[in-house]
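**Q** return atomic coordinates for the entry below.
(one chain, ligands or ions: 1)
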Amino acid sequence: MGATNNEPHTVEAYINGEVYKSEEHEPRMNPAKTDETAGYWPLNSVEDAKRAIDAADAAFDSWRKTEMKDRVERMKKGIQKIKDNQHDLAALLSREHGKPLYDAEGELTVSIMFMEYAADNAERVYKEEINEDERGKNVLRHEPIGVVSAISPWNYPLALSTEKIAPALLAGNTMVLKPSPMAPLTVTEVTHLIAEEFPAGVLNIVHGDADVGIELTSNDKVRKIAFTGGTNTGKHIMKAAAETIKNVTLELGGNDPAIFLDDFDVNDEAAMRRVVISNFLTGGQICMIAKRMYVHESIYDQFVEKYIEAANKWLRIGDPTKEETTVGPVNNKNQLEFVQDLLDDSEKQGYEVKQLGKVDDEEFFEKGYFMYPTIVLGADYDSRVVAEEQFGPTVPILKFKDDAHAIELANDSELGLTSSVWGEEEHAIEVSRHIEAGVTMVNTAAIQGLDIRYPFGGVKQSGIGREYGEEGMLEYVDSHAINIPKTKDLPHIPQ
Ligand code: NAD
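**A** As a prediction, the model looks like this:
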């Protein structure tokens, strides 16, 4: 795909089996060097979105009747093409997003891993089940829902799009995908690679911001919305879906707690490296990383000392295309300003904001949206930096008294996406049982703690429904029970 050079890369929409060229394109700049354009993406109109939905709707009837073997073969061909282009795709992702190369490669790996899981398990998960016993016979079918609108955010544009594409298409649905304008290039390339393997109209991609998003969530022909993004956007989407009772899967914001129990070994350097690296993976712009750290008061001082030591050793801020870089720029100006505002507020409140890590080249701070990773010490439990999802390179570290206190603090949020508990394994598992979250990771966090074979999602205002695992695959089907009871009359009705 020729994305290894630094020339701007132009992408187009894909509608009804064809590349859909636009007159108008918007630049996507490189957040590490804001004077460099990573590429151009098409500014599609609401009319284009309708065209894509019509194409998906027209393709649905024949696509739903195809054999599973055919669907799986097509999906595997698409996956193979992504693998063949993996390094070019990672380089383009790093340039448009700002995430370091290793991180971009990691995102591609996760995307491929789940698409393969979905392809390998589709036959089993979606197969018709026939059960018969003394009460009668039952045929349980998994029917595709129809046209799916998929809307994804900028922070993990590939993984959060492909995790929707693979199960939706394998289940017999058709789809229109709209990625975020903040990372639109690589996800478009990936979608084209997959879409080319499927009949016209089965997979379409259009670009745009809220106007196109609103069409995708309110059009009568759309039967399901698979959305990942902020909680406020999720609320708008749920309202739009209510008009025609569309099925929704909502993966929303998180303010994930990490609990370090009294038996967490602060001298375990490998564990401390995991803590630090996971905190600042993708510059802290991941839904499933620690956004509030609660440390038992008996180990707090030592923890902070060792954390700073590890952070200064492992966090290298700089050019995301360099292999040694572990923290790149923030993806966009709004996010940078939001995180800076939280830090300014913290300093105003008298909390300590401590800079971490090494910068290879100070010049980078002039060129792009860079900021130092920081920790905030001494914050109040209800302060802004604790209560709001930072989604950037900062995290507060707070104290707790005992397990019950840690659990109370962890659950004191309207959000409940993921969480992590660190300490002696059985003790950590027991504390995990009491946390209000869709996922809890023990002695690890972030992408390292994701197991794509198990469901992922949030409780409370972090969302509805699940992605990944069998449960995630079943979000793309309606069950249809065909019941043939032995006793066909109600027993209490007089004969
Ligand atoms: P966002 O909600 O601003 O945007 C997400 C997508 O929705 C974009 O494609 C955007 O163009 C589109 N959109 C905006 N308004 C819309 C509307 N009214 N109708 C339909 N679509 C609309 O989120 P973001 O800033 O791109 O991503 C960051 C947020 O996503 C964070 O809160 C983060 O926690 C969350 N997130 C959640 C998960 C998860 O799995 N739960 C994963 C990643 C990110």
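**Q** C-alpha only now, for contacts and for neighbours.
**A** Noted.
**Q** which parts of the stretch 201-350 of the chain are helices?
**A** Taking DSSP state H, counting those that start in this stretch as the test, the helices found in the stretch 201-350 of the chain are 210-218, 231-242, 269-280, 300-314, 333-348.
**Q** do the first one and the ligand meet at all?
**A** Yes. Using C-alpha under 6 Å from any ligand atom, helix 210-218 comes into contact with the ligand via Ala210, Gly213, Ile214.
**Q** cool, and the second one?
**A** Yes. Counting by C-alpha under 6 Å from any ligand atom, the ligand has neighbours in helix 231-242: Thr233, His236, Ile237.
**Q** which of those ranks first by neighbour count?
**A** Ile237 (21 neighbours; other C-alpha atoms under 10 Å).
**Q** how about it, nearest residue that isn't a chain neighbour?
**A** Distances taken as C-alpha to C-alpha, 6 or more residues apart in numbering place Thr217 nearest to Ile237, at 6.4 Å, with adjacent residues excluded.
**Q** count of neighbours near that neighbour?
**A** There are 30 residues near Thr217, going by other C-alpha under 10 Å.
**Q** cool, Ala32 as well?
**A** By other C-alpha under 10 Å, neighbour count at Ala32 equals 29.
**Q** buried sites along stretch 19-30?
**A** Under the neighbour-count criterion of 16 or more other C-alpha atoms under 10 Å, stretch 19-30 has Tyr20, His25, Pro27, Arg28, Met29, Asn30 buried.
**Q** pLDDT value on the spatially closest residue to Val359 that is not a sequence neighbour, please?
**A** Leaving aside its sequence neighbours, Val359 sits nearest to Ile317 (C-alpha to C-alpha, 6+ apart; 4.8 Å). Looking at Ile317, its pLDDT stands at 95.
**Q** would you reformat the helices of the stretch 201-350 of the chain as a markdown table and include distance to Lys224 and mean pLDDT?
**A** Output for the helices of the stretch 201-350 of the chain, formatted as a markdown table (distance: least, C-alpha to C-alpha, whole Å; pLDDT from 0 to 100):
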| stretch | distance to Lys224 | mean pLDDT |
| --- | --- | --- |
| helix 210-218 | 8 | 96 |
| helix 231-242 | 8 | 97 |
| helix 269-280 | 33 | 97 |
| helix 300-314 | 43 | 98 |
| helix 333-348 | 29 | 98 |
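**Q** would you tell me which helix is longest in this protein?
**A** helix 101-126 (DSSP state H).
**Q** the helix or strand following it pairs with which strands?
**A** Sequence order places strand 129-133 as the next helix or strand after helix 101-126, per DSSP states H and E. Sheet pairing here is set by DSSP bridges, and for strand 129-133 it gives strand 136-144 (antiparallel).
**Q** now the angle from the strand it pairs with to helix 101-126?
**A** 150 degrees (axes from the mean of the first three to the mean of the last three C-alpha atoms, to 10 degrees).
**Q** contacts for strand 136-144, please.
**A** 64, 126-132, 171-173, 476-487 (C-alpha atoms under 8 Å, 6 or more residues apart in numbering).
**Q** what's the answer for stretch 320-340, then?
**A** 31-32, 91, 94-95, 97-102, 155, 182, 277, 280-283, 285, 314-319, 368-371, 390-394.
**Q** poorly predicted segments of the stretch 101-250 of the chain, please.
**A** Counting by pLDDT under 70, the stretch 101-250 of the chain shows no low-confidence range.
**Q** so which residues on it come close to the ligand?
**A** 151-154, 178-180, 209-210, 213-214, 228-230, 233, 236-237.
**Q** the same query, at a cut-off of 5 Å, please.
**A** Ser152, Pro153, Trp154, Pro179, Ser180, Asp209, Ala210, Gly213, Ile214, Gly229, Gly230, Thr233 (C-alpha under 5 Å from any ligand atom).
**Q** pretty sure the first one sits against Thr162.
**A** No. Look at Ser152 against Thr162 with C-alpha atoms under 8 Å: they stay out of range, at 9.8 Å.
**Q** more neighbours, these two?
**A** Taking other C-alpha under 10 Å, Ser152 and Thr162 do not tie; Ser152 has more neighbours (27 against 24).
**Q** can you pull out the strands in the stretch 151-300 of the chain?
**A** Assigned by DSSP state E, counting those that start in this stretch, the stretch 151-300 of the chain shows strands spanning 174-178, 203-205, 222-228, 247-251, 256-260, 290-296.
**Q** can I get those in TSV with mean neighbour count?
**A** Compiled in TSV, the strands of the stretch 151-300 of the chain are given as follows (neighbours: other C-alpha atoms under 10 Å):
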stretch	mean neighbour count
strand 174-178	29
strand 203-205	30
strand 222-228	26
strand 247-251	25
strand 256-260	29
strand 290-296	26
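**Q** closest one to Ser419 among the ones you listed?
**A** strand 256-260 (5.0 Å; C-alpha to C-alpha).
**Q** any idea how far Glu366 is from the ligand?
**A** 24 Å (C-alpha to the nearest ligand atom, to the nearest Å).
**Q** next one: the helix or strand that that residue is a member of to chain centre, how far?
**A** Glu366 belongs to helix 363-367 when assigned by DSSP H and E. The chain centroid and the centroid of helix 363-367 are separated by 29 Å under C-alpha atoms, centre = their mean, to the nearest Å.
**Q** which strands and helices sit next to whatever helix or strand comes next after that helix?
**A** Later in the chain than helix 363-367, the nearest helix or strand by DSSP H and E is strand 374-377. Packing partners of strand 374-377 (3 or more C-alpha pairs under 8 Å, 6 or more residues apart in numbering; DSSP states H and E): strand 352-355, strand 394-400.
**Q** from those, which stretch is densest packed?
**A** Neighbour counts (mean count of other C-alpha atoms under 10 Å) averaged over each of the helices and strands packed on strand 374-377 peak at strand 394-400, with a mean of 24.
**Q** now the angle from that one to helix 269-280?
**A** 130 degrees.
**Q** if we can go back for a sec, how about the helices of the stretch 201-350 of the chain in JSON lines, adding distance to Val202?
**A** Shown next, in JSON lines, are the helices of the stretch 201-350 of the chain (distance: least, C-alpha to C-alpha, whole Å):
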{"stretch": "helix 210-218", "distance to Val202": "15"}
{"stretch": "helix 231-242", "distance to Val202": "22"}
{"stretch": "helix 269-280", "distance to Val202": "37"}
{"stretch": "helix 300-314", "distance to Val202": "45"}
{"stretch": "helix 333-348", "distance to Val202": "34"}
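**Q** ok, for Gly201, nearest residue in space, not its chain neighbours?
**A** Gly201's closest residue in space is Asn16 (C-alpha to C-alpha, 6+ apart), at 4.0 Å.
**Q** which residues does the one you found contact?
**A** Counting by C-alpha under 8 Å, 6+ apart, Asn16 has contacts Ala52, Ala55, Ala56, Ala200, Gly201, Val202, Leu203, Asn204.
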